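**Q** what's the 3D shape of this:
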Amino acid sequence: MKFKITVLLLFIVLMVSPLSYASDAELDALLKECGIVFEEVMAMPDGGIPKNLLKDCVGIAIFPSTIKGAFFLGGRYGEGVIIHRDPDTRVWSAPAFFKITGISYGFQFGGQAIDLVFVIPTERGFEGMLKNKINVGSNAALVAGPVGRNAEMGADITLKGGIFTYSRSKGLFGGIGLKGLNISAKDNANNSYYGKDFTAREILIEGKVKATGAAMKFMDTIKKNTE
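**A** Model (predicted):
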C-alpha cells in the first residue's frame, strides 16, 4: 500500500510541470529536442510518418521523452510543442509549449520514456486539441497513425476530425492508440518565452508572436519534412 501511495504521489508531482518555470535556454533546448525527434522519426527504416499525411496536415504536436509509469495505477507526463499550418497560406506558425498528462487504471507495472508525435489532418481536429476535447465524443479521436512513406489514411477518421498518433521507444516506431489524455497549454512557459501574455490560440492561429531563433530552426525542420 505504501508503495502504491508513493507512486501516486510521484504522478502528482509529475503533473505539476517544471516547464512553467523553465528558462528561455531550457525552452530552446526543448525545441531543439522536438526537432531532432521529428527528423529521427522521419528517418526510421520502416518509413516513418506517411509523406502524404504530412503534406496536407494542419498541425503537428511533439512530446519527446514522455514518461510513462505504472504500479496498478498508471500515469503519463510529457512536455513539448504544437505547431499549426494556416490552411490558406500554408505558412507554419511559431510553436507553442504544451504539456500532456494522463492516468490509467488496471493491472500494469513498470516505467518507460517514449517520444510521442501527433499529426492533425484537419482544422476540426486541431480545434479539438486546442480545447483539450480529445477522446470525447467525435471532437478529436486519437487513433493509431499509419506507417510508411505512402501509407493510406482512413478517410472516415479525417472527416471526423481524428488525430493520428505515433510513438517511438528503444528504436521501435509505430502508430499507437491512446486514451484518457489531457493536452493543455503551458501558459507560463509561452508567456515567458514570447515576452507577453499570449494564449495558445494567439500564437498558433492568430500569429501574434515573432519566432525566436530556436523556434525558427524548429519551424524549418517541420517545413522541410512537410512540403
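**Q** right, and Y166 touches L116 too?
**A** Yes: Y166 is within contact range of L116, at 7.2 Å (criterion: Cβ atoms under 8 Å). (C-beta placed from N, C-alpha, C; glycine too.)
**Q** next SSE downstream of whichever helix in the chain runs longest?
**A** Determined from DSSP state H, the single longest helix within the chain is helix 24-42. With elements assigned by DSSP states H and E, the helix or strand that comes after helix 24-42 is helix 51-56.
**Q** give the rounded mean pLDDT of that next one.
**A** On average, the pLDDT along helix 51-56 is 89.
**Q** in this structure, where is pLDDT below threshold?
**A** Regions of the chain meeting the criterion pLDDT under 70 cover residues 1-21, 46-47, 67-75, 103-112, 135-140, 149-161, 170-180.
**Q** please repeat the previous calculation with a cut-off of 80.
**A** Applying pLDDT under 80 to the chain picks out residues 1-22, 44-48, 67-76, 102-113, 133-141, 144, 146-161, 169-181.
**Q** which residues in it form strands?
**A** 59-84, 96-120, 142-144, 163-169, 172-175, 181-185 (DSSP state E).
**Q** L142 touches I183, doesn't it?
**A** No: using Cβ under 8 Å, L142 is not in contact with I183, being 9.6 Å away.
**Q** give me the neighbour count for G35.
**A** Using other Cβ atoms under 10 Å, the number of residues around G35 comes to 23.
**Q** check contacts around the closest residue to it other than its chain neighbours.
**A** In space, G35 comes closest to T221 once its chain neighbours are excluded; the distance is 4.1 Å by Cβ to Cβ, 6 or more residues apart in numbering. Contacts for T221 were tallied using Cβ atoms under 8 Å, 6 or more residues apart in numbering; they are 35, 38-39.
**Q** and for V37?
**A** Counting by Cβ under 8 Å, 6+ apart, V37 makes contact with 62, 64, 115, 117, 168.
**Q** quick one: contacts for the third one?
**A** Translated: D115. Applying Cβ under 8 Å, 6+ apart, the residues near D115 are 37, 41, 62-66, 167-169.
**Q** kindly report the same for the first one.
**A** Taking Cβ under 8 Å, 6+ apart, we find I62 in contact with 34, 37-38, 80-81, 115-118.
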